[in-house]
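Asker: Please work out how this folds:
(2 chains)
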Amino acid sequence: MFLRRLLKNKMGLIGAGVILANILVALLAPYIATHDPLKIDITNQGALPSEENLFGTDEYGRDIFSRVIYGTRISLYISVLSVLVAATLGIILGSTAGYYGGWADNLIMRVVDAIMSFPAILLAIGIMAVLGGHIYNVVLALGFVYIPWFARVVRGSVLSIKEKEYIEASLAMGGNDLTVLFRHILPNCMAPVIVQATAALAYAILAESALSFLGLGAPPPAPSWGNILSDARNFMLDNALMTIFPGVAITLAVLGFNLLGDALRDLLDPRLK
Amino acid sequence: MLKYFAKRIVYLVPTVFLVTVMVFLMIHLIPGDPAALMLGEDATQEEVKVLRHALGLDKPLPVQYAIWLSSIFKGDFGASVHTKRPVAQSIMERFPVTLTLTTLAMVISLLLAIPSGILAAYFHATRKDYLFMGATILGVSVPGFWLGLVLLLFLSVNLGWFPSTGFVSMGEDLWEGLRYMLLPALSLGLYMAAVVARMIRSSMLEVLRLEYVTHARAKGLREWTVITKHALKNAFAPALTTIGLQFGALLGGAVVTETVFSLPGLGKYIVVSIYMRDYPVVQGSILFLAIVYVLINLVVDLLYGYFDPRIEYS
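Answerer: Next up is the predicted model:
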């Protein structure tokens, strides 16, 4: 039923297709890439696109096509992990705040407010500044920054579900808090969480590329899209095309999650529209 | 109204307190000795010790925080480890550039978003509306810094329409300054334009379903008059909150945009200071921008009441 409605949503379907293509590219990167993305070739620096190097080469003679292909891997890996971190922490914090209320609610929600008082990318930049450039530090930084997205919607859903009669019934029958929370409340909060997660993935891809463009993401020579663009910037007068491909790759990936996110939101949670 | 204002500010106190705690703890998250890290490998033991003392790192954590917070209240944001200049002074020199950039980006995005959002609602469910929706979803998917790079490459470097190096502030020479600011502001503001345009369209559609709009239509007013005179003011209120929140995205995005276009603003200063491991500068500047963001959202909340008088000030 749900799947059929999703299949009817053309935009959502295109989004899902783009995401699937991205996932396949990430998984099959070694088979799609024509070169080793890290291999330096000083005899072939700054080559224009050719049959040998589809997107040309960068200032170290590395094959840009292969780097962009491997970039899909880094980008998806970091964004999926960071959204998982944010969702897990957000669900724990949001459900505790919503279910128990009182001082726990107050404390947790003030912390969430404080996180939201920073422009998101600025907070991530600050965290990366102290932790240093590393893939898992990016996961931590983005995972932390996006906690409020999940904590707030989960708290809201828990608050509304908590009042329902079947929860009261379950508690009266001797169910303890944890069982009620995990069996009866959280499964009913999943719709908004999935909607938020899809949107957060789009943001995370953008944020990851911006961080690594600034030199605060996966450290070079890792072929993250932001790193390729940062290399391209020093070199764009000679090879303008080098700037185009990674940007198109980022846009496509983000577009996929945005299209799917919009479709899911319309289907699962019309209130958020 | 005044009571609401006071309440809203009191409500901010714990949040701002936690913001300061987070910024303060930042420097303590650094793996290893921050003082040694800031001075680099060439520093002697003695120099490290002096810096540790100067930064107060040799005192217990709560004491450090109390000292740090009380100097922040006095407007003392610490000093750069490298240049020894007060951070507050450097912020005040650079923030005008960032504020000009973000304000111009906001103006551009509202000029794009408000008319197009209204038109999309007017042409609801027609081909024009779908075209609009497609354009906005593309707008939220394009990374702003990449758009900036591409604009810089084609419009400045190749076509020479805009300067590609150097900087003139709009305060010195309004028109020349605008030539330096236009591309950065455009690339920074496009994302916000798309978000706000979608918001305007959807809240417009919601308002157009209300009875008072039907009433206005029944009076025989033209649809266009109904939209601009009657519906817009109410539809604008929810969009206002989005605009406030998006201003934060502009402040954060400015860090990246200023780096792309080499603008001498606070954002670029933060990035350069990170490279130089000048943590007091990073700490002070981030705290400053967070406070600016909090204040902007406070103003937005208060403005909300003007656009939507139904809000209860109690």
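Asker: the helices in the chain, which residues?
Answerer: Looking at chain A here, since you left the chain open. A:2-8, A:10-27, A:29-32, A:64-100, A:102-116, A:120-131, A:135-145, A:147-162, A:165-172, A:177-179, A:190-213, A:225-233, A:241-268 (DSSP state H).
Asker: Chain B is the one I meant
Answerer: Using DSSP H, helices in chain B cover B:2-26, B:34-39, B:45-54, B:61-73, B:87-122, B:127-139, B:144-151, B:174-207, B:211-218, B:223-225, B:232-261, B:266-275, B:279-307.
Asker: Switch these over to JSON lines; also include distance to A:A16, mean neighbour count and mean pLDDT.
Answerer: (Each C-beta comes from the backbone N, C-alpha and C, glycine too.) Supplementary listing: these in JSON lines, determined by distance: least, CB to CB, whole Å; neighbours: other CB atoms under 10 Å in any protein chain shown; pLDDT from 0 to 100:
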{"stretch": "helix B:2-26", "distance to A:A16": "37", "mean neighbour count": "15", "mean pLDDT": "85"}
{"stretch": "helix B:34-39", "distance to A:A16": "45", "mean neighbour count": "20", "mean pLDDT": "78"}
{"stretch": "helix B:45-54", "distance to A:A16": "54", "mean neighbour count": "14", "mean pLDDT": "81"}
{"stretch": "helix B:61-73", "distance to A:A16": "48", "mean neighbour count": "13", "mean pLDDT": "88"}
{"stretch": "helix B:87-122", "distance to A:A16": "25", "mean neighbour count": "20", "mean pLDDT": "92"}
{"stretch": "helix B:127-139", "distance to A:A16": "15", "mean neighbour count": "16", "mean pLDDT": "88"}
{"stretch": "helix B:144-151", "distance to A:A16": "24", "mean neighbour count": "24", "mean pLDDT": "92"}
{"stretch": "helix B:174-207", "distance to A:A16": "21", "mean neighbour count": "22", "mean pLDDT": "89"}
{"stretch": "helix B:211-218", "distance to A:A16": "37", "mean neighbour count": "13", "mean pLDDT": "79"}
{"stretch": "helix B:223-225", "distance to A:A16": "37", "mean neighbour count": "12", "mean pLDDT": "78"}
{"stretch": "helix B:232-261", "distance to A:A16": "27", "mean neighbour count": "23", "mean pLDDT": "87"}
{"stretch": "helix B:266-275", "distance to A:A16": "36", "mean neighbour count": "22", "mean pLDDT": "94"}
{"stretch": "helix B:279-307", "distance to A:A16": "35", "mean neighbour count": "20", "mean pLDDT": "87"}
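Asker: between the helices of chain A, which gets nearest to B:D76?
Answerer: Nearest of those to B:D76, taken as CB to CB: helix A:120-131 at 20.0 Å.
Asker: which helices and strands does the closest one pack with?
Answerer: helix A:135-145, helix A:190-213, helix B:2-26, helix B:232-261, helix B:266-275, helix B:279-307 (3 or more CB pairs under 8 Å, 6 or more residues apart in numbering or on different chains; DSSP states H and E).
Asker: Now that we have those helices, can you turn them into JSON lines and tack on distance to B:T98?
Answerer: Converted to JSON lines, the helices and strands packed on helix A:120-131 look like this (distance: least, CB to CB, whole Å):
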{"stretch": "helix A:135-145", "distance to B:T98": "20"}
{"stretch": "helix A:190-213", "distance to B:T98": "16"}
{"stretch": "helix B:2-26", "distance to B:T98": "18"}
{"stretch": "helix B:232-261", "distance to B:T98": "5"}
{"stretch": "helix B:266-275", "distance to B:T98": "4"}
{"stretch": "helix B:279-307", "distance to B:T98": "8"}
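Asker: follow-up on the earlier one: would you format the helices of chain B as a markdown table with distance to A:V154 included?
Answerer: Shown next, in a markdown table, are the helices of chain B (distance: least, CB to CB, whole Å):
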| stretch | distance to A:V154 |
| --- | --- |
| helix B:2-26 | 20 |
| helix B:34-39 | 35 |
| helix B:45-54 | 42 |
| helix B:61-73 | 31 |
| helix B:87-122 | 30 |
| helix B:127-139 | 26 |
| helix B:144-151 | 30 |
| helix B:174-207 | 23 |
| helix B:211-218 | 35 |
| helix B:223-225 | 41 |
| helix B:232-261 | 20 |
| helix B:266-275 | 32 |
| helix B:279-307 | 23 |
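Asker: Could I get those helices in a markdown table, plus columns for distance to chain A?
Answerer: Output for those, formatted as a markdown table (distance: least, CB to the nearest CB, whole Å):
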| stretch | distance to chain A |
| --- | --- |
| helix B:2-26 | 4 |
| helix B:34-39 | 8 |
| helix B:45-54 | 17 |
| helix B:61-73 | 15 |
| helix B:87-122 | 10 |
| helix B:127-139 | 6 |
| helix B:144-151 | 4 |
| helix B:174-207 | 7 |
| helix B:211-218 | 19 |
| helix B:223-225 | 23 |
| helix B:232-261 | 3 |
| helix B:266-275 | 4 |
| helix B:279-307 | 5 |
